[in-house]
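A.B. asks: I would like to see how this sequence folds:
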Amino acid sequence: MTVGPSGCDAIPGRFAYVHLLQWATDTTIAGNSTTTRIVLFEEQRWRADDASGRVIRSRYPTGQQPTDDSTYYPGELDGPIGPIAAEPAALNAHIDATQPRFLGPTAVIRGVASLLGWRSPHQAARTTILTVLRDTPGITYHASVTDRAGRTGIGVSATSDAIRFLLILNPTTGELLAYERAALAPPPGSDRTGPLVDDYHLFLVHTRANSSSNS
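C.D. replies: Predicted structure coming up:
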């Protein structure tokens with residue numbers, strides 16, 4: 001299994017740079033009932049192989065929550081040290097460090113989303129990611145899925161306890177376009193009446209940068 005080159009493969013830089021939008025649930029509990037709404041966040045992430053970096057996070061509408069700009073020193077960011085592994089056994093170890101594999105195929109989907117949410121892997125690593133996904137029992141392939149930016153990709157998903165986890169990947173380069181967590185049934189006491197996408201990451205940019213400045 002191979003994937004094609006990406007425009008950022010030849011870009012040098014100490015930091016992986018990821019720009020994304022996130023739609024997440026904001027739940028209010030009152031007595032025996034819960035009310036759920038969706039809020040939008042924008043994040044810019046810089047991550048070096050030593051787990052240092054920077055995150056700028058904004059919420060829309062801003063309200064009483066200003067933009068947060070945080071700097072992280074070596075070892076402070078979560079996840080394994082170093083780039084994404086380009087060999088299946090090592091990549092599986094990285095996934096297990098993020099989401100234990102004994103939790104089943106949903107852990108693989110969530111682990112890949114966690115790794116790719118902070119890194120810009122080169123072509124060999126992206127090929128390894130697709131190989132691991134292909135070889136994981138219980139993962140479903142979707143030939144055509146459209147993300148919230150209107151881009152069409154391939155989907156891979158896994159479901160457990162009425163929660164579906166979905167990755168949307170660029171069909172040519174293997175890059176992550178979007179990650180979706182969907183609750184397929186409302187919890188007891190909820191104001192919901194059907195399925196809800198309660199966490200959605202839309203990845204606008206994966207590249208590399210020499211510094212963590214956004215200027």
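A.B. asks: Remind me which helix or strand Leu177 belongs to.
C.D. replies: Using DSSP states H and E, Leu177 falls within strand 176-183.
A.B. asks: go on, Thr207?
C.D. replies: strand 196-209.
A.B. asks: Same question for Val108.
C.D. replies: Assigned by DSSP H and E, Val108 belongs to helix 105-116.
A.B. asks: So what's the gap between that helix and the chain middle?
C.D. replies: Remark: helix 105-116 is offset 8 Å from the chain centroid, using Cα atoms, centre = their mean, to the nearest Å.
A.B. asks: what do you get for stretch 41-58?
C.D. replies: 13 Å.
A.B. asks: repeat for stretch 124-140
C.D. replies: Distance, centroid of stretch 124-140 to centroid of chain: 15 Å (Cα atoms, centre = their mean).
A.B. asks: what's the answer for stretch 7-25, then?
C.D. replies: 11 Å.
A.B. asks: And that stretch, what's buried?
C.D. replies: For stretch 7-25, the neighbour count (16 or more other Cβ atoms under 10 Å) marks Cys8, Asp9, Arg14, Phe15, Ala16, Tyr17, Val18, His19, Leu20, Leu21, Gln22, Trp23 as buried. Heads up, the C-betas are built off the backbone N, CA and C, glycines and all.
A.B. asks: same check, this time on stretch 38-54
C.D. replies: Buried residues in stretch 38-54 (16+ other Cβ under 10 Å): Phe41, Glu42, Glu43, Gln44, Arg45, Trp46, Arg47, Ala48, Ala51, Ser52, Gly53, Arg54.
A.B. asks: thinking the second one is in contact with Val55, fair?
C.D. replies: To tie it back to what came earlier, the one meant is Glu42. No: between Glu42 and Val55 there is no contact under Cβ atoms under 8 Å: 11.1 Å.
A.B. asks: Give me the common contacts of these two.
C.D. replies: By Cβ atoms under 8 Å, 6 or more residues apart in numbering, Glu42 and Val55 have no common neighbours.
A.B. asks: which stretches of this structure form strands?
C.D. replies: 15-30, 33-48, 53-60, 68-72, 140-146, 152-160, 163-169, 176-183, 196-209 (DSSP state E).
A.B. asks: what's the third one packed up against?
C.D. replies: The reference is to strand 53-60. Under the contact definition 3 or more Cβ pairs under 8 Å, 6 or more residues apart in numbering; DSSP states H and E, strand 53-60 sits against strand 33-48, strand 68-72.
A.B. asks: Need the contact partners of it.
C.D. replies: For strand 53-60, the surrounding residues in contact (Cβ under 8 Å, 6+ apart) are 15, 39-47, 65, 67-72, 77, 118, 212, 214.
A.B. asks: cool, and the shortest one?
C.D. replies: For strand 68-72, contacts defined as Cβ under 8 Å, 6+ apart pick out Ala51, Ser52, Gly53, Arg54, Val55, Ile56, Arg57, Ser58, Ser212.
A.B. asks: Nice, that's everything, thank you.
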